[in-house]
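Student: let's see this in three dimensions:
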Amino acid sequence: IKVIVDVANNRISDEEVTVDLIDTTDNEEIGSVVIDMQAGSAETVEFNWDTSTASLGMHTLRAEANGVEGDINLDNNMKEAVVEVKELAIVSIGISSMEAPSSVTKEETALIKVNVANDGNIDKTFTLTLADTTDNVQIASQQVTLAAGSSQVVSFNWNTNTASIGNHNIKAEISNVEGDVNLDDNSKQITIEVKERQPLSIGASSLSNGERGVAYDDSLQISGGFPPYTIEITSGALPSGLSMNSDGTITGTPTPDSRSKSFKVKVTDQKGSAVTKKFVITIYKQLSISTSSLKSGKVGKTYSATL
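Tutor: Next up, the predicted model:
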């Protein structure tokens with residue numbers, strides 16, 4: 001650091017003055033300058049103090065004017081100033097990783113997580129911006145404060161309502177970090193595919209047959225539209241023992257008196273679009289052998305019996 005010492009010659013004669021600057025805390029001489037001063041003149045002396053080897057903490061610096069024989073006022077021949085030597089501030093803010101789905105259906109919201117880290121030794125506040133560089137749109141911007149040596153996951157929600165179909169380059173970028181020693185990790189990119197939304201549909205063309213007393217499991221195969229879906233049977237009914245689940249699966253175990261049934265199902269999505277379809281579930285009696293015994297046979301005679 002630069003240390004400025006102002007020296008005045010208040011005598012009526014020219015003088016040669018030695019100005020010494022000393023770090024009295026570490027007992028180190030910073031510098032010494034000899035100047036020729038005319039009577040009644042003033043000079044400014046500059047010293048450069050290299051603090052690379054100085055101890056951390058408060059330092060008392062003493063400037064002394066020496067070599068003036070017969071000086072009648074020694075009280076002002078010395079001045080002191082206190083300077084604090086702090087640890088060198090290291091600023092290093094970076095993006096360590098990004099997490100996001102590889103694809104999203106148009107008009108859905110994609111959750112994007114950005115992990116930022118402060119590898120420096122001082123606390124820092126900065127701006128983290130997320131942008132869709134494919135469509136040239138800023139998604140969001142957040143102010144983040146990180147303590148020295150800490151990290152944080154920052155979450156963004158990307159609404160894809162107006163996004164174009166196809167691959168999108170999503171870029172996270174750190175800005176407003178003065179003195180950052182490493183700018184290479186101040187940005188990171190990830191690719192997310194925006195897919196066309198398919199219309200609401202019931203994919204199953206038919207449902208499997210069931211058997212009394214045997215567990216049943218099949219699905220309407222609902223897809224497209226805007227989940228979640230509302231499912232209702234508008235006419236008919238399911239065979240007894242079976243039930244319709246919220247995801248469009250039909251499960252259960254047909255009861256001993258369960259019979260084949262036909263029904264119409266209606267599926268409505270979050271935005272009110274609806275599709276209907278008719279189905280039949282055929283229920284069979286449980287496989288059994290009712291014969292308890294068989295008739296006797298004779299050696300050498302043709303035998304025939306029914307189970």
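Student: wait, residue 66 touches residue 20, no?
Tutor: Yes - the pair residue 66 / residue 20 is scored as a contact, 6.4 Å apart, by C-beta atoms under 8 Å. From N, CA and C alone the C-beta is placed, and that goes for glycine too.
Student: neighbour-wise, which of these two wins?
Tutor: Comparing residue 66 with residue 20 by neighbour count (other C-beta atoms under 10 Å), the higher total belongs to residue 20, at 18 against 13.
Student: the more buried one is in what secondary structure piece?
Tutor: Assigning secondary structure by DSSP states H and E places residue 20 in strand 15-23.
Student: tell me where the model's unsure across the stretch 51-200 of the chain.
Tutor: Along the stretch 51-200 of the chain, segments meeting pLDDT under 70 span 67, 70-72.
Student: show me where it has its strands.
Tutor: Secondary structure of the stretch 51-200 of the chain (DSSP state E, counting those that start in this stretch): strands located at 57-66, 78-85, 93-99, 103-105, 109-118, 124-132, 137-146, 151-159, 166-175, 187-195.
Student: to residue 24, which of these lies closest?
Tutor: strand 57-66 (4.8 Å; C-beta to C-beta).
Student: residue 111: how many residues sit nearby?
Tutor: 12.
Student: do residue 296 as well
Tutor: So residue 296, with other C-beta under 10 Å, has 7 neighbours.
Student: so how far is residue 290 from it?
Tutor: Counting by C-beta to C-beta, to the nearest Å, the gap from residue 296 to residue 290 is 19 Å.
Student: one more: residue 168?
Tutor: If you go by C-beta to C-beta, the gap between residue 168 and residue 290 works out to 66 Å.
Student: of these two, which one has the most company?
Tutor: residue 168 (21 against 5).
Student: for the more buried one, give the beta-bridge partners.
Tutor: For residue 168, the beta-bridge partners under DSSP bridges are residue 192.
Student: ok, it - contacts?
Tutor: 132, 134-135, 191-194 (C-beta atoms under 8 Å, 6 or more residues apart in numbering).
Student: how far away is it from residue 295?
Tutor: 78 Å.
Student: what do you get for residue 109?
Tutor: 74 Å.
Student: of these two, who's got more company?
Tutor: With neighbours defined as other C-beta under 10 Å, residue 109 and residue 295 compare such that residue 109 has more, 11 against 7.
Student: pretty sure that one contacts residue 157?
Tutor: Yes - Residue 109 lies in contact with residue 157 (C-beta under 8 Å); the separation is 5.1 Å.
Student: quick one, what contacts the closest residue to residue 226 other than its chain neighbours?
Tutor: With sequence-adjacent residues excluded and distances taken as C-beta to C-beta, 6 or more residues apart in numbering, residue 226 is closest to residue 270, at 4.0 Å. The contact partners of residue 270, taken as C-beta under 8 Å, 6+ apart, are 225-229.
Student: would you check how far apart residue 116 and residue 128 are?
Tutor: Residue 116 is 6 Å from residue 128, where distance means C-beta to C-beta.
Student: can you check which residues contact both of these two?
Tutor: Common contacts of residue 116 and residue 128 (C-beta under 8 Å, 6+ apart): 144, 154, 174.
Student: save those residues as JSON lines, and put in distance to residue 76 too.
Tutor: Formatted as JSON lines, the shared contacts of residue 116 and residue 128 follow (distance: C-beta to C-beta, whole Å):
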{"residue": "144", "distance to residue 76": "52"}
{"residue": "154", "distance to residue 76": "58"}
{"residue": "174", "distance to residue 76": "52"}
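Student: out of those, which comes closest to residue 31?
Tutor: Residue 31 lies nearest to residue 174 out of the shared contacts of residue 116 and residue 128, by C-beta to C-beta, at 41.4 Å.
Student: any idea what that closest one is bridged to?
Tutor: Beta-bridge pairing for residue 174 (DSSP bridges): residue 128.
Student: hang on, residue 157 packs against residue 108?
Tutor: No - at 10.5 Å, residue 157 does not count as touching residue 108 under the criterion of C-beta under 8 Å.
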